[in-house]
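Colleague: generate coordinates for the sequence data below:
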Amino acid sequence: MTAVGTAAPQLRRKAAFIDRDGVINVERGFLHRVEEFVFLPGAVDSLRWLQAAGYLLVVITNQSGIARGLYTEADYLRLTAYMQQRLLSAGVQLSAVEYCPHLADAQLPEFRLDCDCRKPRPGMLRRAAVALGVDLPASMLVGDRATDIQAGRSAGVGRCWLVRSGMPLSQADIELADGVFEDLAACVRHLSA
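Modeller: This is a model prediction of the structure:
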């Protein structure tokens with residue numbers, strides 16, 4: 001029952017927060033060129049499965065290369081549009097792509113900021129959750145670094161998993177996660193079992 005004069009509560013949806021580099025695409029270190037963007041095997045099918053399972057798909061990515069002056073925000077946005085278009089043509093609709101271009105000691109003054117969005121801080125996740133009406137405890141996160149898991153935990157995401165992208169994982173990193181998988185496809189197979 002809804003009280004007179006109050007709005008009905010919004011339906012809260014679950015989201016899959018997915019790190020970009022090393023989880024969706026091949027990790028290249030400061031990737032910003034369309035011609036260097038390569039999806040990891042099984043990543044597109046995994047995103048399609050998550051979408052079909054009712055998850056909103058939200059990419060969360062630190063992009064300190066912008067603050068370092070290694071590439072421009074326009075370069076990043078061009079690559080993001082390319083990724084979104086490739087996914088869309090494969091039947092995958094991203095609900096949001098959140099990025100953090102900041103560094104506290106950035107080379108470029110306009111990006112010199114000790115922000116709340118740079119992982120391991122939870123700002124990107126919280127911003128997307130508010131905008132999309134996400135139920136964080138019912139949601140999941142997949143990343144390839146401890147900072148991804150820390151951001152998910154700080155935001156209140158229900159399940160947080162790591163994948164092995166070649167980034168070193170300490171025992172403490174592994175213990176922080178709800179599980180560790182070889183890649184996004186293996187994580188999704190675990191969910192669908």
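
Colleague: contacts, neighbours, all on C-alpha from now
Modeller: OK.

Colleague: which strand runs longest in the protein?
Modeller: Ranked by residue count under DSSP state E, the longest strand found in the chain is strand 56-62.

Colleague: quick one: strands adjacent to that strand?
Modeller: Strand pairing for strand 56-62, using DSSP bridges, gives strand 15-19 (parallel), strand 96-100 (parallel).

Colleague: quick one: mean pLDDT for that strand?
Modeller: Model confidence over strand 56-62, given as mean pLDDT, is 98.

Colleague: how close does Glu27 sit to Phe37?
Modeller: Here Glu27 is placed at a distance of 9 Å from Phe37 (Cα to Cα, to the nearest Å).

Colleague: neighbours of the nearest residue to Ala90 once chain neighbours are set aside, just the number please.
Modeller: Excluding the flanking residues, the one nearest Ala90 by Cα to Cα, 6 or more residues apart in numbering is Val44, at 7.5 Å. A total of 20 residues lie near Val44 under the criterion other Cα atoms under 10 Å.

Colleague: with the one 10 residues further on instead?
Modeller: Counted by other Cα under 10 Å, the residues lying close to Gly54 total 12.

Colleague: is it in a helix, a strand, or coil?
Modeller: coil (DSSP: H, G, I helix; E, B strand; the rest coil).

Colleague: thought it was touching Lys14?
Modeller: Yes: under the criterion of Cα atoms under 8 Å, Gly54 lies in contact with Lys14, with a separation of 7.3 Å.

Colleague: can you give me the helices for the protein?
Modeller: For the chain, applying DSSP state H gives helices covering 43-52, 64-67, 73-89, 123-132, 146-155, 171-176, 184-192.
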